[in-house]
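Chemist: mind folding the following:
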Amino acid sequence: MATDNGLDGYILSHIEPEHPYLHALWRATHLHLNYPRMASGHLQGAVLRMFTHMVQPRHVLEIGTYTGYSTLAMASALSEGATIHTIEINDEQELFTRPWLERSPWADHVRLHIGDALLLLRDADLVQRMGAPFDMVFIDADKRCYLDYYRLTLPLVRQGGYILADNTLWDGHVADTARRASDRQTAGIRLFNDTVAADPAVETVLLPLRDGLTILRKL
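Modeler: The predicted model follows:
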């Protein structure tokens, strides 16, 4: 969950400084787009970058690009020859995002795909060209489809590989028993959380980072 503003400032002043290019992207996101909160931002970007350094993946898949902040945070930690394939369903978003990805210092690591991940990832030829099996997957897209993304990507991840899922606390709504059953986004996150917690195929940790970050290791 989000911390109070004072603690937020303290945390951000005691971690690696935000890269100037990522800061510019963050500002542009807030100036020009609706729902800028969807962008990962400095703290989560730093966590994703650190995790990428630790795992040292060669093949990364991201579902949900938005402006590409998380994409570039991960790409900044990739070694030579490693690639992140990121999928964005909103074709209008491409007009903003693609130039930011292609002008970035890490453009050689990034491949942007426009379309529905639930359809694209059923294309065996495309998945093979992406370099599957993946070492790491980051899910940050339609909350109603989280369980579908999980079931589709788990077979595409190597044994010992990782799946990360964002927004898995969903502003605390997942723990609010009074939350309306008709709220399909909350219901989707709850179903995902309940499923992965009980799945013997993965080891699961749910971190109270920002809006909730779940880390899954494929056994």
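Chemist: all strands for this protein, in order.
Modeler: Counting by DSSP state E, one finds strands in the chain at the ranges 59-63, 83-88, 110-114, 134-139, 157-166, 202-207, 213-218.
Chemist: low-confidence ranges, this protein, go.
Modeler: Low-confidence segments of the chain (pLDDT under 70): 1-5, 179-182.
Chemist: now the helices for it?
Modeler: Here the chain has its helices, by DSSP state H, at 5-12, 20-32, 41-55, 69-75, 94-102, 117-120, 124-130, 146-153, 184-198.
Chemist: quick one: closest of those helices to V137.
Modeler: Closest of these to V137 is helix 146-153, at 4.9 Å (criterion: CB to CB). (Glycine included, C-beta is placed from N, CA and C.)
Chemist: can you tell me what sits against the closest one?
Modeler: Identification of contacts with helix 146-153 by CB atoms under 8 Å, 6 or more residues apart in numbering yields 61, 63, 117-118, 121-122, 134, 137, 139, 141, 163, 165, 188-189, 191-192, 195-196.
Chemist: pull out the buried members of those.
Modeler: Among the contacts of helix 146-153, those classed as buried by 16 or more other CB atoms under 10 Å are 61, 63, 117-118, 121, 134, 137, 139, 141, 163, 165, 188-189, 192, 196.
Chemist: show me what contacts the spatially closest residue to H113 that is not a sequence neighbour?
Modeler: Nearest residue to H113, sequence neighbours excluded (CB to CB, 6 or more residues apart in numbering): I87, at 4.8 Å. Taking CB under 8 Å, 6+ apart, we find I87 in contact with L61, E62, I63, G64, T65, H113, I114, G115, A117, L120, L121, A141.
Chemist: mind running it again at 6 Å?
Modeler: By CB atoms under 6 Å, 6 or more residues apart in numbering, the residues touching I87 are I63, H113, A117, L120.
Chemist: is it true that the third one touches G64?
Modeler: No: under the criterion of CB atoms under 6 Å, A117 lies out of contact with G64, with a separation of 7.9 Å.
Chemist: can you check which residues contact both of those two?
Modeler: By CB under 6 Å, 6+ apart, no residue touches both A117 and G64.
Chemist: in this structure, which residue sits furthest out from the middle?
Modeler: The centre of the chain is farthest from one residue, A178, which by CA atoms, centre = their mean lies 28.2 Å away.
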